[in-house]
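Engineer: need coordinates for the following:
(chains A and B)
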Amino acid sequence: MNGQLNWFKGGLLLGAAFLLAVALVKPIGVSTQFVIVDGIVWNLFSDTVIKKDTASKSGYASPNAYLNKSGGKYAQNVAKPLNYSFVFVIAMVIGAFISAQLGGPKPTAQDRIAPEPWQNRFGQKPVLRYVTVFLAGVLVLFGARLAGGCTSGHMMSGMMQTSLSGYLFALGTFAVAVPIAILIYKRN
Amino acid sequence: MTIFLAIILGIFFGFALQRMGATNPANIINMLRLTDLHLMKAIFFAIGLSSTLLFVLMNIGIIDPGHLSVKSSYSGVIIGGAIMGVGFAVAGYCPGTGLTAIADGRKDALFFVGGGLLGALIYTLVYGSIQNTWLFKKIAGGEVMLATGSDTFQALFPAIPGTLLAAGIGIAFMVIAWILPKEVLF
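Structural biologist: Sure, this is the predicted structure:
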């Protein structure tokens, strides 16, 4: 597509992003912030989900086992969303917007509803695409949270650090994603 | 200061994802059905390059090894990866590229992120009842890396100098990026 970098330049840019992040602060990760957004919304409607707790390591606690995990780390981030990881993910969307505006690849109106391989296989019915992608989103974030990270945190940041978990995650993901993609979209 | 860095580094990362075509689900689907491997080449190259430089720069004292954050290895990492793989192949989005694709004006990305928020919520609610199961059984001690270089995390191969091992793997990744074909026609 027009405006898209070749693999070498794209890889340089992506590699630089991951290296700079770990050099200056910490490795990049994204999927945790979906939990934080859920927690923020939940916290708006509940007085009990996040509580200050001097006994907890982070100073916050939750009756929910996941938000309370690791000394209430997620509970703290829900209570104070203006932290590094949350702002990073917001800034990421802004960065993509800037690239799109400054000559980056531009999708057509059709592409904005469904990508080309989908159109070729299933035609141009927006509702089918939207419903399917919604369900796919459920699987992706459920799976990423069970794994403890996603493509960014586990695969890129993980394998960069030679983490065993990064290789295991990549193995699990591609062993399933490749046959499923071939099955659904075929190869021609 | 860290908020300032979050903004700069986040913008840089989002810019890179959009510019390399990772926010386009057609590129992800074509990579996974093995018809267009340009993203695969970029990812291998990015991991190999950043890993090699990370370990070299830690070795000469420019990068603080205290910044490393190695995630735990347990059965759920592989199973979670496989569950994610299903949605990844169908949608052509992962969490990061789904979010940044919204900036492309992609409407399906909005539905993906909505589903993602629900998936993360379901996990948040079920975690309490699965946290003590075999899913979280540690593999090889949990938070381990292959190469030495960190005081916090154990290395699986302590006998090999860490920089050498990491650079060896990193260079192998870059060679794979180089020799993988852009298009596979069979």
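Engineer: what ranges do the strands span in the chain?
Structural biologist: Since no chain was named, I'll use chain A. Under the criterion DSSP state E, chain A contains strands at A:51-52, A:60-61.
Engineer: can you look at chain B instead?
Structural biologist: If DSSP E is used as the criterion, the strands of chain B fall at B:144-145, B:154-155.
Engineer: for the first one, give me every contacting residue.
Structural biologist: Outside of strand B:144-145, the residues that reach it under the criterion C-beta atoms under 8 Å, 6 or more residues apart in numbering or on different chains are A:161-164, B:68, B:70, B:73, B:153-156. Where C-beta positions appear, they are placed from N, C-alpha and C, glycine not excepted.
Engineer: next one: stretch A:173-188, is it in contact with chain B?
Structural biologist: Yes: judged by C-beta under 8 Å from any C-beta of the partner chain, stretch A:173-188 and chain B are in contact via A:173-178, A:180-182, A:184-187.
Engineer: hang on, I meant stretch A:155-172
Structural biologist: Yes: judged by C-beta under 8 Å from any C-beta, stretch A:155-172 comes into contact with chain B at A:155-166, A:168-172.
Engineer: give me the buried entries from the residues you listed.
Structural biologist: For the residues of stretch A:155-172 next to chain B, a neighbour count by 16 or more other C-beta atoms under 10 Å in any protein chain shown gives the buried set as A:155-166, A:168-170, A:172.
Engineer: which of those fall within helices?
Structural biologist: Among those, DSSP state H puts A:157-160, A:164-166, A:168-170, A:172 in helices.
Engineer: for those residues, which one is nearest chain B?
Structural biologist: Chain B lies nearest to residue A:172 out of these, by C-beta to the nearest C-beta, at 2.8 Å.
Engineer: name the nearest residue to the closest one, sequence neighbours excluded.
Structural biologist: Using C-beta to C-beta, 6 or more residues apart in numbering or on different chains and skipping residues adjacent in sequence, the residue nearest residue A:172 is residue B:81, 2.8 Å away.
Engineer: verify the stated contact: that neighbour with residue A:170.
Structural biologist: Yes: the pair residue B:81 and residue A:170 qualifies as a contact (C-beta atoms under 8 Å) at a distance of 7.2 Å.
Engineer: mutual contacts of those two, please.
Structural biologist: residue A:154.
Engineer: what's stretch A:21-30 in contact with?
Structural biologist: Contacts with stretch A:21-30, where a contact means C-beta under 8 Å, 6+ apart, come from A:17-18, A:84-85, A:88-89, A:92, A:149-150, A:152-153, A:156-158, A:160-161, B:2, B:5-6, B:9, B:13, B:50, B:54, B:57, B:62-63, B:67-69, B:95-96, B:99.
Engineer: which ChimeraX command selects the buried ones in those residues?
Structural biologist: One line in ChimeraX is enough to select the buried ones among those; burial here means 16+ other C-beta under 10 Å:
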select /A:17,18,84,85,88,89,92,149,150,152,153,156,157,158,160,161 /B:5,6,9,13,50,54,57,63,67,68,69,95,96,99
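Engineer: sitting in helices, which of the contacts of stretch A:21-30 do you find?
Structural biologist: A:17-18, A:84-85, A:88-89, A:92, A:157-158, A:160, B:2, B:5-6, B:9, B:13, B:50, B:54, B:57, B:95-96, B:99.
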